[in-house]
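Q: The following comprises the amino acid sequence and a computationally predicted model.
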Amino acid sequence: MATSLKPPTVASALLKQPTVTTKEESSMKYYSDDLVTGYIYDKHRDDDTTKIDLPHYISVIENIMTLADRITDAVLRGTEGRLVPSDESLTYNVSIEPPLCALHNITSELSCKAPGIENAHEITLKIFELLANYPWEAKAALTLIAFATDYGDLWHLYHYSHTDPLAKSLAIIKRVAMLKKHLDSLRYRQVLLSPNSLINSCLQAIKYMNQIREFSKYDVKELPELPAALRQIPLITYWVIHTIVASRIELSSYLSETENQSQKYLNELSEKIAIVLAVLEKHLDAIREQYEEVDLYRWLVDHIEHYHTDITLVISKLLSGKIEAKPLIDGSTLREVSIQEILSGKNVVLVISELNISDDDMRALHQVYNELKSDNKHEIVWIPIIPERFLEEDRRRYEYLRSTMKWYSMQFTTKVAGMRYIEEKWQLREDPLVVVLNPQSKVEFTNAIHLIRVWGTEAIPFTHNRTELLLRKHWPESTLVKFTHQPRLLSWFNQERSILFYGGKEPKWIQQFEERAEFLKSDPLVIEGRSFEIVRIGKNARGEDDPALMARFWKTQWGYFIIKSQIKGSSASETTEDILRLISYENEDGWAVLTVGPTPILVGRGLLILRLLEDFPKWKQMLRLKGFPDAFREYFNELAAKTHQCDRVILPGFSGWIPMIVNCPECPRFMETGISFKCCHGRPLV
């Protein structure tokens with residue numbers, strides 16, 4: 001597949017040949033990457049019209065260089081007898097069909113050239129022209145195989161010159177013996193023999209480029225590092241070919257006993273090719289990590305959603321990406337325990353959270369743990385989400401949280417391998433996520449934290465059937481009762497009394513509501529038609545306003561709404577609309593909920609509720625024909641029809657599924673949706 005690469009914008013001045021006045025000034029600093037990129041894209045484009053089997057070419061090059069090095073090693077050790085081929089070399093059967101004319105032309109360009117960076121640069125560009133129809137990395141491979149052919153041929157002739165007259169004559173013509181006296185020189189090793197030599201580094205760079213190109217068959221959306229890596233290949237191809245050219249010129253200087261390349265130039269090439277390898281390694285490491293993430297993601301999708309697998313295998317893969325995961329820490333004994341040891345055959349409750357999990361949620365989880373520990377069927381595992389660049393205070397916070405947990409915890413140093421699955425499929429956000437899996441890794445509930453916040457231990461065992469049963473209760477019974485300290489409330493529920501639950505952010509509104517409500521309660525018509533009760537939301541047991549209690553109150557309303565939306569759909573019932581209406585009043589001065597027993601009748605904004613109470617003389621006569629709740633609701637609806645105020649609901653960063661299409665609680669229209677994006681590039685937002 002041809003790589004579509006947009007040529008970089010390079011100033012025309014860069015495309016001029018750099019002016020070099022003296023030999024000392026001949027330095028690679030005059031051939032910056034920007035300048036070289038300009039040369040490349042001025043005349044050359046990536047093309048895959050003519051393809052080669054690159055892995056096989058690499059294999060042939062490796063085989064030539066390995067066998068040649070065995071000969072040179074024998075020469076250095078003074079054992080120049082006939083080498084016995086290894087079994088591996090005898091069975092070597094890789095086949096290629098090299099473009100002979102192209103290789104001859106490359107060999108011609110490489111042979112007998114004067115030393116210097118300018119010549120190496122010009123030859124490199126000529127080779128680009130000769131191989132214009134080949135992909136970038138193929139250009140580098142063909143240049144290296146041309147070099148390897150000559151190099152291997154030299155040592156092959158030398159090796160057989162002791163026993164074969166023809167080889168001896170050819171070796172004399174090619175002056176092969178001249179190589180022997182250079183073998184133990186530092187320059188020769190810098191170019192050819194050492195593992196980090198220029199030629200070996202070029203071969204490694206070609207391998208890396210081939211590996212990067214192999215990943216091109218995958219979607220770049222799944223491998224976001226791939227485009228950046230592919231953009232580097234033309235420039236890296238240039239430096240690989242440039243280095244091969246310089247190495248061949250150095251080799252020619254040994255054979256012809258002419259001027260060598262300058263040591264400064266060879267050192268600069270060594271530094272440059274080392275940088276090239278480091279760049280490729282960095283890209284490859286990132287691509288491999290992304291590929292492993294994609295591969296693991298697909299595995300988790302298959303084995304959690306389609307082909308249910310033993311829970312211990314799924315948890316191991318989710319945490320570490322491997323079958324053998326690091327052991328968990330037992331909160332009761334603080335000893336390390338294996339996943340297979342403790343989770344086999346169990347229902348697993350995964351608590352996935354950042355380190356800022358609230359005390360309220362922790363208390364609720366402790367209650368759940370105490371309830372579950374007796375059945376021996378469930379285990380809780382905490383998966384902490386640790387910042388990539390964690391601070392010492394993060395470690396201390398982790399240690400503190402873990403010390404309060406009696407259940408199992410993932411170790412601090414463990415990076416969660418399945419984060420993509422957790423974020424995309426289970427939709428982890430800022431809020432804790434509680435996922436319940438059965439022993440075969442089937443998800444019983446994707447986000448039980450809302451069940452816990454609304455119903456606590458009553459929600460156990462966190463299944464859809466249990467949730468359906470809980471949702472049959474009226475929502476005031478599930479979400480209002482626990483936030484008031486009225487001891488007679490359950491009795492009023494049983495008596496089917498009319499109850500006005502109320503609250504708000506403005507003390508003045510609270511005072512006005514209470515005064516007017518008490519005035520109504522004293523009216524004979526209200527008394528005669530069975531009076532109503534008022535119950536304040538948000539006061540603690542001492543009768544004081546409690547902001548923390550109200551924060552939990554609103555979180556519970558949200559939890560109920562999300563659960564109801566998940567199970568029934570966001571517009572499936574009046575219950576969902578009622579609770580969404582209440583949520584939309586979170587920042588209002590005041591609000592009220594009228595119920596008959598636990599049955600909700602209406603939810604009203606504070607302004608309309610006060611207006612209704614003020615207008616009591618206008619609707620009090622209806623009490624002779626209707627009961628208090630019906631009269632109250634009828635007049636409220638009249639007022640609501642005469643006023644218009646836009647409702648606004650801001651979905652907080654709850655984990656798990658949240659409805660993206662929501663009906664307005666006041667009218668049948670869909671509410672407008674806005675989406676915002678934020679990225680701090682791994683740093684705190686300032």
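A: Ah, there it is.

Q: Where does the prediction get shaky in the chain?
A: Within the chain, the set of residues satisfying pLDDT under 70 comprises 1-30, 42-48, 78-93, 160-161, 177, 528-529, 568-575, 644-686.

Q: Give me the most central residue, it.
A: Against the mean C-alpha coordinate of the chain, by CA atoms, centre = their mean, the closest residue is R420 at 5.0 Å.

Q: ok, that one - contacts?
A: By CB atoms under 8 Å, 6 or more residues apart in numbering, the residues touching R420 are E293, V294, L296, Y297. Bear in mind the C-beta positions are built from the backbone N, C-alpha and C, glycine included.

Q: So which of the residues you listed sit within helices?
A: Secondary structure from DSSP state H places E293, V294, L296, Y297 of the contacts of R420 in helices.

Q: who wins for most neighbours among those?
A: Counting neighbours by other CB atoms under 10 Å, the top entry in the ones in helices among the contacts of R420 is L296, with 20 neighbours.

Q: okay, now the domains of the protein?
A: Residue ranges for the structural domains of the chain, counted by the TED database, are given in the record as 28-83+90-294, 311-458, 473-671.

Q: Using JSON lines, lay out the ones you listed together with distance to I304.
A: Compiled in JSON lines, the domains of the chain are given as follows (distance: least, CB to CB, whole Å):
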{"stretch": "domain 28-83+90-294", "distance to I304": "16"}
{"stretch": "domain 311-458", "distance to I304": "5"}
{"stretch": "domain 473-671", "distance to I304": "15"}
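
Q: Max pairwise distance over the contacts of R420: which two?
A: Between all members of the contacts of R420, the longest pairwise span (CB to CB) is found for V294 and L296 and amounts to 7.4 Å.

Q: quick one on the thing from earlier: quick one, which of the domains of the chain gets closest to R466.
A: Nearest to R466 among the domains of the chain is domain 311-458 (8.2 Å), distances taken as CB to CB.

Q: tell me how far that closest one is from the chain's mean position?
A: 19 Å (CA atoms, centre = their mean, to the nearest Å).

Q: and the closest residue to Y158 other than its chain neighbours, what does it touch?
A: Taking CB to CB, 6 or more residues apart in numbering, and ignoring the residues beside it in sequence, Y158 has V176 as its nearest neighbour in space, at 4.4 Å. Contact criterion CB under 8 Å, 6+ apart gives L154, W155, L157, Y158, S161, L255 as the residues in contact with V176.

Q: hang on, K272 in a strand?
A: No: per DSSP: H, G, I helix; E, B strand; the rest coil, K272 lies outside any strand segment and is helix.

Q: Count residues in the vicinity of it, would you?
A: Neighbour count for K272, taken as other CB under 10 Å: 18.

Q: picking that back up, only alpha carbons, please: show the helix or strand hosting the residue nearest to the centre of the chain as PDB.
A: Using DSSP states H and E, the secondary-structure element containing R420 is helix 419-424. Provided in PDB are the C-alpha atoms of helix 419-424 (Å, rounded to 0.1, in the frame of the first residue of the first chain):
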ATOM      1  CA  MET A 419      -8.300   0.800  30.200                       C
ATOM      2  CA  ARG A 420      -9.600   1.200  26.700                       C
ATOM      3  CA  TYR A 421     -12.300  -1.400  27.300                       C
ATOM      4  CA  ILE A 422     -13.200   0.100  30.700                       C
ATOM      5  CA  GLU A 423     -13.400   3.600  29.200                       C
ATOM      6  CA  GLU A 424     -15.200   2.800  26.000                       C
END
